[in-house]
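**Student:** Mind folding the following:
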Amino acid sequence: MARILCVDDEPNVVALKCAILESAGHTVTAATSAHDAIAKLSHNNYDAVVTDWRLGDANGRAVVQAAKNRPALPVVVVSGYVAEAFQAAEPLADLYLEKPVNPEELVTIVNELLKSDEKAASD
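**Tutor:** This next block holds a predicted model:
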C-alpha cells in the first residue's frame, strides 16, 4: 500500500500507531523526534505523514512544514493538543485528531487522504 512516516516522541505510542497502520497493509517508518522526522523526510519518499504535535525537541509545526514542502503529501496531526496545533501558523495539516485516536478511524482517514492524493495526481 503506502509508505507512511509516523512521528511521536513517546516510543510506546509511536509503536502502537505504526502497528495500527501496518496492520492495514502500509509500510511504516517511525520517528521519535521532529529532528529525526525532518531528516527522514529529506532522505526518503513517503505517501503520508502522521505526527504528534508536542514533540520533545520541537513542536509538530516543524514536521508539518517539512512535509508540506513536498507537493500533495497528506499530513495528519494526532495529538492531545489539537486546539494548540490547529491555531498554529501556516502550513496546516490536512486533518487533526484528538488523542487517544480510534485505530479504525486513523486507518480510514489515512486511507481516504491517500485515495484523494491518488485521484488528484491522476487528474
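**Student:** can you pull the buried residues of the helix or strand containing Glu104?
**Tutor:** Per DSSP states H and E: Glu104 is located in helix 103-122. Within helix 103-122, the residues scored as buried using 16 or more other Cβ atoms under 10 Å are Leu106, Val107, Ile109, Val110, Asn111, Leu113, Leu114, Asp117. In short, each C-beta sits where N, CA and C put it, glycine included.
**Student:** go on, stretch 47-58?
**Tutor:** Neighbour counts over stretch 47-58 (16+ other Cβ under 10 Å) mark Asp47, Ala48, Val49, Val50, Thr51, Asp52, Trp53, Leu55 as buried.
**Student:** Describe which strands the helix or strand hosting the fourth one pairs with in its sheet and in which direction.
**Tutor:** For Val50, the element it lies in under DSSP H and E is strand 48-51. Counting by DSSP bridges, the strands paired with strand 48-51 are strand 3-7 (parallel), strand 75-79 (parallel).
**Student:** Please convert those to CSV, extending it with mean neighbour count and distance to Asn69.
**Tutor:** Formatted as CSV, the strands paired with strand 48-51 follow (neighbours: other Cβ atoms under 10 Å; distance: least, Cβ to Cβ, whole Å):
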stretch, mean neighbour count, distance to Asn69
strand 3-7, 24, 13
strand 75-79, 24, 11
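**Student:** Make JSON lines out of those and add distance to Ala30 and mean pLDDT.
**Tutor:** Output for the strands paired with strand 48-51, formatted as JSON lines (distance: least, Cβ to Cβ, whole Å; pLDDT from 0 to 100):
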{"stretch": "strand 3-7", "distance to Ala30": "6", "mean pLDDT": "98"}
{"stretch": "strand 75-79", "distance to Ala30": "14", "mean pLDDT": "94"}
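**Student:** Thank you, goodbye.
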